[in-house]
Structures are given as structure tokens and as C-alpha cells.
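J.: What follows is a predicted structure for the sequence shown.
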Amino acid sequence: MTKKLFEPYKLKNITLKNRIVMAPMCMYSSHNEDGKVENWHKTHYTSRAVGGVGLIIQEATSVTPQGRISPQDLGIWSDDHIEGLTELVSLIKEQGAMTGIQLAHAGRKAVLEGEILAPSAIPFNDKMKTPKEMSLGDIKETVQAFKDGAIRAKKAGFDVIEIHAAHGYLINEFLSPLSNKRSDEYGGSAENRYRFLKEIIGETKTVWDGPLLVRVSAKDYQNDGLDLEDYIEISKWMKAQGVDLIDVSSGAVVPAQIPVYPGYQVKLAEGIKHGADIPTGAVGLITTGIQAEEILQNERADLILLARELLRDPYWPRTAAIELQTELESPEQYSRAWN
């Protein structure tokens, strides 16, 4: 009997062959600091497609040069990036996986030379530089940069776009009252703090009709910060705008102690799924097929996102299939290993 982990999943107008998703993870491997795809990216992502992952979401890819987390991050701020991204998409799809890209801006967590931007001029910690508070012009330009990134992602052939609104990066900084101290229309009330993300989603959808995901940090782990109930409301707003699935992570908008244990973020994905009536992806110390299957069977989330576990085991889908006593079709070139 096919386990739910290996059942196809319809995500808007595409169908994933299973519910296993490679979560975006920075590779810091664009060594010429030009944001372009290199051989490492082709090897890294394609190997997970060969391993049987249903959807591979490319690492945080910056929509502006000063939005990179590091100088070695991938970029999508120029048409010069499209060629390499197109080749990468082709390599992954050839091995049977769907392709996604995470559009991102690091905000005050960018570790770069020169000026960095944030909703308010507050550094992340005492070791990082103080960002410039974004003007209304900066905000407008950045919203346009996300839209332009979506146009380029479409030209490159990606199946899915994920907007990175988690982990203390720029959009998350606008959402949280801990990092957003503005007094204009982008600060203060929850609706105002959501405005930046609302505009990015709205502009993206004018040029993108495929599945649109948003990654959130559904808990700030800090007094006066946001928690699950806040993100249930935010997720309702995103659903109303046409977002198809919420990728639910947590933390990192401010330094905080996070209690980490197997599946520690699943309850957040479950809360948003049922509280906002929207599909969710669960991520965070999900390491075994049995654990993933329990999450899906009990309708705690709709997709399983794996990060470090896919670094440890590029063929994790096969490992999980053996654990769950399920037959998994292998690449034809490898079939003799099971004959």
C-alpha cells in the first residue's frame, strides 16, 4: 500500500510526484560574487532530484545585490542570471523533480560591504551593522525587485515561487513589531506591518500564475513578538491574496533561545493549516519516514520539507521508502541494484 508520503500532491496547476520537498538552504557557492549558478549548484540540486525528491526549492536567491545574505549568494536581480538558472531548472526536471525558487532579501541580516536596508535603523545584534531605515522610495523599489525576480524565475522555467518572509530577513523584519518601529503606513498596526508583504504578493501575482508559497517564522520566541495566533491571521490574509501554501518555520527575527526537538515546528504548521484553512509545509528536525508519515496521516501538514537531512542523505526518499516498506521506482540506470 502506498504511504501518504509517496502519494502525488496537486499544488495549484502542477502535481508533485510525492510530498517530499527539499527546503531552501544557502550554499554560499557563487564564488565570483556575481550571483550566478556554478557547477556546485548543478551537482547539489540534481543529485537530490535523482534521489527522488518531489519538489526542490532553490536556496534564498536575492532580488537585489544589497539583499544578499552573503557575497556568495545566488541572485536574480539581473537578466544575466537567467541563463544559469534555466540550465539548473532543466537538469533538475530531467530527473523527475519539480523546481522552485525562493525569492529573498536579507534586510538587516545582510553581511556585506556598504549600506544595508531594514524597516527601522535597528541592528540585529551588537556585532552587526546598523541598517538604513528604508524610505518609501526604497520600499517601492524593493517591491518592484521582487516582481522583476518573479518575471525572471518564470523565464528560467521554475514551477514554483516561494517568497522568503521568515528567519529575520527583510519581509520578516517588517512583519514583526520587534524589528519594525515605523510610524508610517508600513508600521504600527498588524495590517500596516503586513503591507510590504501584501504589496510583494500582489505585484508577484500580476506576472506569475503558478503555485505561490510563502515561508514564515510563525513564532518570534520573545515577549512582545509574534506568535502562532498572529500568523494564523496573517495566513488568512495571504490566502485571500491567492497564496497556495504556507511553508512554516520559526524564529530568527531577533536573538532568542529556541527549544529544539524532533518536529518542534510541526505544531505551528498544524495550527496554521487548520486555523487559516490553508495548506502548509512542515519543516524542522523531521528525519525519518515514520515521523513524516505520521505528520501527513494525521493531517498536521500537507508537505514535508527537509533541510539538513537531505544534506546528510541525498537519497532520503529511498531510505524513507525502505523504512515504510514501500516500493519506490529507481532511476532506470540504477535499476540493476534492486534486481
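T.: Yep, it's here.

J.: hey, what's A118 bridged with?
T.: Applying DSSP bridges to A118 gives these bridge partners: E133.

J.: Tell me the buried residues in the longest helix seen in the chain?
T.: Taking DSSP state H as the criterion, the chain has its longest helix at helix 136-156. Neighbour counts over helix 136-156 (16 or more other CB atoms under 10 Å) mark 139, 142-143, 145-153, 156 as buried. For every residue, glycine as well, the C-beta is placed using N, CA and C.

J.: For that helix, name the packing helices and strands.
T.: On a contact count with 3 or more CB pairs under 8 Å, 6 or more residues apart in numbering; DSSP states H and E, helix 136-156 meets helix 82-94, strand 98-104, strand 160-165, helix 190-205.

J.: again, only using 7 Å
T.: Packing contacts for helix 136-156, counted by 3 or more CB pairs under 7 Å, 6 or more residues apart in numbering; DSSP states H and E, involve helix 82-94, strand 98-104, helix 190-205.

J.: Indicate which one of these is closest to T130.
T.: helix 190-205 (19.9 Å; CB to CB).

J.: Look at V21 and give its secondary structure.
T.: strand (DSSP: H, G, I helix; E, B strand; the rest coil).

J.: For it, which residues are in contact?
T.: Neighbouring residues of V21 by CB atoms under 7 Å, 6 or more residues apart in numbering: V53, G54, L55, I57, G281, L303, I304, L305.

J.: now these as JSON lines including pLDDT?
T.: Below are the contacts of V21 laid out as JSON lines (pLDDT from 0 to 100):
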{"residue": "V53", "pLDDT": "98"}
{"residue": "G54", "pLDDT": "98"}
{"residue": "L55", "pLDDT": "98"}
{"residue": "I57", "pLDDT": "98"}
{"residue": "G281", "pLDDT": "98"}
{"residue": "L303", "pLDDT": "98"}
{"residue": "I304", "pLDDT": "98"}
{"residue": "L305", "pLDDT": "98"}
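
J.: could I get the helices and strands packed on helix 136-156 as a markdown table with mean pLDDT, distance to Y264 and mean neighbour count?
T.: Converted to a markdown table, the helices and strands packed on helix 136-156 look like this (pLDDT from 0 to 100; distance: least, CB to CB, whole Å; neighbours: other CB atoms under 10 Å):
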| stretch | mean pLDDT | distance to Y264 | mean neighbour count |
| --- | --- | --- | --- |
| helix 82-94 | 98 | 29 | 18 |
| strand 98-104 | 98 | 21 | 27 |
| helix 190-205 | 98 | 25 | 19 |
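
J.: between those, which gets nearest to S335?
T.: helix 82-94 (17.3 Å).

J.: Just list the residues touching Q66, thanks.
T.: By CB under 7 Å, 6+ apart, the contact list for Q66 reads A110, L112, G114, E115, I116, L117.

J.: Helices of the chain, start to end?
T.: 39-50, 82-94, 136-156, 170-175, 190-205, 228-240, 266-275, 289-297, 308-312, 316-323.

J.: so what pLDDT did the residue nearest to T287 when sequence neighbours are not counted get?
T.: Leaving aside its sequence neighbours, T287 sits nearest to E309 (CB to CB, 6 or more residues apart in numbering; 5.1 Å). E309 carries a pLDDT value of 97.
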